[in-house]
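K.L.:
sharing a model that was predicted from the sequence below.
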Amino acid sequence: MLIIRPVESKEEQEKICKACNTPFRADAMAYAAREDEKLLGVCQFTMDNECGHVYDLCCAEGVDDFEALFIMGRQTLNFIDLCGVHRAVFHGEETRATKAVGFRRTGDALEMDLAGFFTEPCKHEK
């Protein structure tokens, strides 16, 4: 069963990031996706009053699980939205997962308007 949970400690987050071959961001919060005990991926993010900043949405080395990334990405964005922040930026390369989650290129950035995104069906195609 797919389980996505917040990472509880910085030590655990650093270990997960190493397994996902992505830089550990000590100032970021993180979600980890697992199936049973197997690590599938990580999503690191921060937020301020204006914007959620998503830095990583990636699989662990040797794992290719689009569904886990999609659900973890949406869960992260929902958390950001529930905190009252209704804009998100992805700070990385555009991937199939970032596109599916809802990020769109606007100039040099991958951005997403979260206002109402999780309250109306099919808001993704806004």
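P.N.:
Received it, and whenever you're ready, just let me know what you need.
K.L.:
and Glu14, how many neighbours does it have?
P.N.:
The number of residues packed near Glu14 is 16, by other Cβ atoms under 10 Å. Heads up, the C-betas are built off the backbone N, CA and C, glycines and all.
K.L.:
sorry, that was for Asn21
P.N.:
11.
K.L.:
give the contact list for it.
P.N.:
58, 61 (Cβ atoms under 8 Å, 6 or more residues apart in numbering).
K.L.:
going forward, the N-terminal residue is numbered 501.
P.N.:
Renumbered: residue one is now 501, and that last one reads Asn521.
K.L.:
that one belongs to a helix, doesn't it?
P.N.:
No: under the criterion used here (DSSP: H, G, I helix; E, B strand; the rest coil), Asn521 is coil, not part of a helix.
K.L.:
separation between it and Phe566?
P.N.:
Asn521 sits 17 Å away from Phe566, going by Cβ to Cβ, to the nearest Å.
K.L.:
same check, this time on Phe603
P.N.:
15 Å.
K.L.:
looking at the two, which is more packed in?
P.N.:
Neighbours per residue (other Cβ under 10 Å) separate Phe603 from Phe566, with Phe603 holding more: 23 against 12.
K.L.:
per-residue pLDDT, Ile504?
P.N.:
Looking at Ile504, its pLDDT is 97.
K.L.:
likewise Gly616?
P.N.:
For Gly616, the model assigns a pLDDT of 89.
K.L.:
that one: neighbour count?
P.N.:
Gly616, neighbours per other Cβ under 10 Å, totals 11.
K.L.:
and for Gly592?
P.N.:
The number of residues near Gly592, taken as other Cβ under 10 Å, comes to 14.
K.L.:
surely it forms part of a strand?
P.N.:
No: using three-state DSSP, the assignment for Gly592 is coil, not a strand.
K.L.:
show me what the lengthiest strand in the chain is packed against.
P.N.:
For the chain, the strand with the greatest residue count under DSSP state E is strand 538-547. Counting contacts by 3 or more Cβ pairs under 8 Å, 6 or more residues apart in numbering; DSSP states H and E, strand 538-547 is packed against helix 510-519, strand 529-535, strand 552-559, helix 566-582.
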